[in-house]
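1. whatever this is, show me its structure:
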Amino acid sequence: MSGDRPTLPPVRLHSDAELAREALTSPLLARAARLARWAGPATRVGAGGELVDEQLPEAAEHLGLAADEDGAAEASEAWRLAVDAGLVEVTDPAEEEEEAFGTATAGENLALLTSGSPQDVLAIWLDAFDAVFADATAPVLDDLAEAIDEEGQIDFEALEWDPEAEAEFLEGVLGNLYLLTVSEGAAEGPVPLPALAASMIVPDDMGEPTDDVLEQVSDAMMRLDDQFRVLEPIGLVAYQPVDEALMAEEGAEPEPPVDDEDVTRYGMVGLTPLGLYGVRARMLEAGVDAPAVGDLADKGAEALLDGIAYFPESSAGAETQLWLARREPAAAARELLAAARGTDRGAPLRRLRSQQALSLVGPEAEDAVREVLDDAQLGGLARVWLAEHGASDVPPPPESMIFWLAIDTIAAQLDADGEPDELQGLVAGLTGRHSGFFDAAWRVDHPATADVLEAMGRLHPDKKAAKEARKAAFKARSRRSG
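-> Residues are numbered from 1 along each chain as shown. This next block holds a predicted model:
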């Protein structure tokens, strides 16, 4: 194999055009763009680029938030994002003039929101996501006056705030939410906030959580409630906040729910399609292997077969379909067969994935498949393909090819799935159909013969046959070493 197993299952992303439309309609970015277009010569900003307090009501009115109790705060938030995302260019006030204000003009990125490519829009949205992520992990400054030191600087230690730990915690939460979303067989719909908080706090090997652990989960829930409220307007998540009535019922921090309670009252969260894109982008930037279906469509056949080796079945099929759609069937079949050859450790699984990919190619592949009928490594799978497609004149395989294909197939299954229960049936079936299987199998000239026979010794339900398999494995290993 050309690489190790991917850390995460592959994600199916919406097209860049669809994602760009979602980015443009995300509430916070849309407001930021409206304020960037509203800004003009009369716009006044402070030393940090913020709108002066006197202009916040006007900005809120422009956004249709004048009647909202939090309208000014939301306008301020949208303006800060416009600055952070490059939609607004700010000129600081002159230092020599105490009462002077800075000015604001349209930034370079503003035009890209309407005339740029989907990739341009998504790049701007990612910048916006970074800024909002920083806001979500910022300390709560309710007691800011008490945290100002003698030099007028904020004493973050007094706030008990560790920026790296806060960012790492939220990154971990988003990573867990991403994994819950993309995993094969994952439940559709949002995730209960208590379960997400517990995934960060409760050790995997813990049975019944202690009171201390439950208190930590409760703290994490409330922390995440605040953070997801900040992240939702950028379009990252769909979030149902913690029911505020619970605060009144249970005090400042509600305990995690028990089994018979309505868990939705404790918050529900799910990544949007845009959120999947954004979290994956952050993972890739951090060096995490986070594949997406379609990544391999323009790569060679060997990269395809290695890349999908450990994909879930549905994702492997989708990736292969995209790869085949860019190629002529006969040429694709020849490329897949050529990539399936080899004696390295990953070759058996590569051949299995090649066989599965060829099953998606139509009858146009027949000539290419027939070309390898006499190939020691590919002749067996070629015969399987021809038989499945109802071809005539398929020559029977020699006995040596039957045993070689059996070893190769089990080696591939062991690589892909370890030792699942289904392999027991395959092993028992092989030895049941071929009397004297182990007497012939240990002589098979395949790099994985000894390993496969040892595995058959572990898996075979019949003790006598299992013992024969272990003896055959010893002979195969002695044969190769001799």
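2. tell me the buried residues in the helix or strand where V427 lies?
-> Here V427, judged by DSSP states H and E, is contained in helix 421-433. Buried residues in helix 421-433, counting neighbours by 16 or more other C-beta atoms under 10 Å, are found at 423, 426-428, 430-431. Heads up, the C-betas are built off the backbone N, CA and C, glycines and all.
3. in a markdown table: those, plus pLDDT and distance to G294.
-> Converted to a markdown table, the buried residues of helix 421-433 look like this (pLDDT from 0 to 100; distance: C-beta to C-beta, whole Å):
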| residue | pLDDT | distance to G294 |
| --- | --- | --- |
| L423 | 78 | 31 |
| L426 | 77 | 32 |
| V427 | 79 | 36 |
| A428 | 81 | 39 |
| L430 | 77 | 37 |
| T431 | 78 | 42 |
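4. tell me the one among those residues nearest to E50.
-> L423 (63.6 Å; C-beta to C-beta).
5. P461 versus the closest one, what's the distance?
-> To P461, L423 is 11 Å away according to C-beta to C-beta, to the nearest Å.
6. residues in contact with A382?
-> 337, 369-370, 372-373, 375 (C-beta atoms under 8 Å, 6 or more residues apart in numbering).
7. likewise L13?
-> L13 touches 19, 273, 276-277, 280, 292-294, counting by C-beta under 8 Å, 6+ apart.
8. hmm, 10 Å instead?
-> By C-beta atoms under 10 Å, 6 or more residues apart in numbering, L13 lies in contact with 19, 273-274, 276-277, 280, 292-295.
9. try T114
-> Here T114 is in contact with 24, 33, 37, 121 (C-beta under 10 Å, 6+ apart).
10. figure out the helix or strand that it lives in.
-> Here T114 is assigned to helix 108-115, by DSSP H and E.
11. how much space separates the residue lying closest to L177 once chain neighbours are set aside from L81?
-> Leaving aside its chain neighbours, L177 sits nearest to L271 (5.7 Å; criterion: C-beta to C-beta, 6 or more residues apart in numbering). Using C-beta to C-beta, L271 is found at 20 Å from L81.
12. got it, and S15?
-> As judged by C-beta to C-beta, S15 and L81 stand 25 Å apart.
13. where does pLDDT dip in this structure?
-> 1-6, 94-99, 140-160, 186-187, 247-261, 419, 482 (pLDDT under 70).
14. what about the strands in it?
-> With DSSP state E as the criterion, the chain has strands at 88-91, 103-106, 191-192, 237-240, 268-271.
15. name the helices or strands packed onto the second one?
-> So the one you mean is strand 103-106. Counting contacts by 3 or more C-beta pairs under 10 Å, 6 or more residues apart in numbering; DSSP states H and E, strand 103-106 packs against helix 27-38, helix 71-84, strand 88-91.
16. how does it look with 8 Å?
-> The contact analysis (3 or more C-beta pairs under 8 Å, 6 or more residues apart in numbering; DSSP states H and E) places strand 103-106 against strand 88-91.
17. for the fourth one, same thing?
-> Applying 3+ C-beta pairs under 8 Å, 6+ apart, we find strand 237-240 packed against helix 211-231, strand 268-271.
18. nearest to E319 among these would be which one?
-> If we rank the helices and strands packed on strand 237-240 by C-beta to C-beta, the stretch that ends up nearest is strand 268-271, at 21.1 Å.
19. the closest residue to M221 other than its chain neighbours: neighbour count?
-> With sequence-adjacent residues excluded and distances taken as C-beta to C-beta, 6+ apart, M221 is closest to A197, at 4.6 Å. Summarising burial for A197: neighbours were counted as other C-beta atoms under 10 Å, giving 25.
20. the contacts of T114: which two are farthest apart?
-> Applying C-beta to C-beta across the contacts of T114, the maximum distance is between R37 and V121, 15.7 Å.
21. more neighbours: the two, which one.
-> Neighbour totals were compared for R37 and V121, and V121 leads with 23 against 15 (other C-beta under 10 Å).
22. was I right about that one contacting A111?
-> No. If you go by C-beta atoms under 8 Å, V121 and A111 don't touch, sitting 11.4 Å apart.
23. list residues touching both of the two?
-> Common neighbours of V121 and A111 (C-beta under 8 Å, 6+ apart) do not exist.
24. mind listing what the residue lying closest to A332 once chain neighbours are set aside touches?
-> Nearest non-adjacent residue to A332, counting by C-beta to C-beta, 6+ apart: L324, 5.4 Å away. For L324, the contact set (C-beta under 8 Å, 6+ apart) comprises 332, 357, 360-361.
25. quick one: buried residues of stretch 370-382?
-> Going by neighbour count (16+ other C-beta under 10 Å), the buried part of stretch 370-382 is 370, 372-373, 377-382.
26. got the end-to-end distance for it?
-> Length of stretch 370-382, first residue to last, C-alpha to C-alpha, to the nearest Å: 7 Å.
27. over to stretch 34-52?
-> 17 Å.
28. measure E232 to A281 for me?
-> The gap separating E232 from A281 is 18 Å, by C-beta to C-beta.
29. what do you get for A131?
-> 14 Å.
30. over to T449?
-> In terms of C-beta to C-beta, T449 sits 45 Å off from A281.
31. excluding chain neighbours, what is closest to Q216?
-> I201 (4.9 Å).
32. is it true that the one you found touches E215?
-> No. Counting by C-beta under 8 Å, I201 stays clear of E215, with 9.6 Å between them.
33. quick one: which of those two has more around it?
-> Neighbour count, other C-beta under 10 Å: between I201 and E215, I201 has more, with 18 against 15.
34. that'll do, ta.
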